[in-house]
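got a structure for you, letters missing:
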């Protein structure tokens with residue numbers, strides 16, 4: 001299976017507004033930072049997959065994702081391809097017995 005995360009959110013910082021020529025308006029804004037992260041794993045040959053929406057990209061959320069992946073496919077041994085994100089290699093990561101992680105190199109060989 002191949003695994004990755006994607007972040008979705010909004011940052012509310014207006015940059016432009018309409019006004020008369022020669023006037024620079026003061027544009028008050030709230031600094032809103034709201035993010036959610038989609039964790040996903042897909043088996044390309046069968047199309048089997050698992051997707052979860054999580055509040056963070058960290059070891060705790062990755063542990064939840066790995067537990068759920070293990071629970072969904074209890075009879076399979078999963079070889080999970082991950083990128084080099086810090087939480088994929090963290091010492092706090094608890095990999096279930098039926099999952100083996102392997103990481104793609106940061107710069108693939110040509």
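Great, that's in hand. In this text the structure is predicted, and so the values were computed from the model without any measurement.

could you use CA atoms for every contact and neighbour count after this?
Will do.

ok, residues contacting the helix or strand bottoming out on mean pLDDT in the chain?
Lowest by mean pLDDT, DSSP states H and E among the helices and strands of the chain is strand 2-11, with a mean of 87. Strand 2-11 is contacted from outside by 31-44, 57, 80-83, using CA atoms under 8 Å, 6 or more residues apart in numbering.

centre of the protein to the edge, which residue is at the far end?
Largest separation from the mean C-alpha position in the chain: residue 22, at 44.4 Å (CA atoms, centre = their mean).

any idea of the pLDDT on that one?
We have a pLDDT of 88 for residue 22.

go on, residue 81?
Looking at residue 81, the pLDDT reads 95.

tell me who's in contact with it.
1, 2, 3, 101, 102, 103, 104 are the contacts of residue 81 under CA under 8 Å, 6+ apart.

beta partners of it?
residue 2, residue 102 (DSSP bridges).
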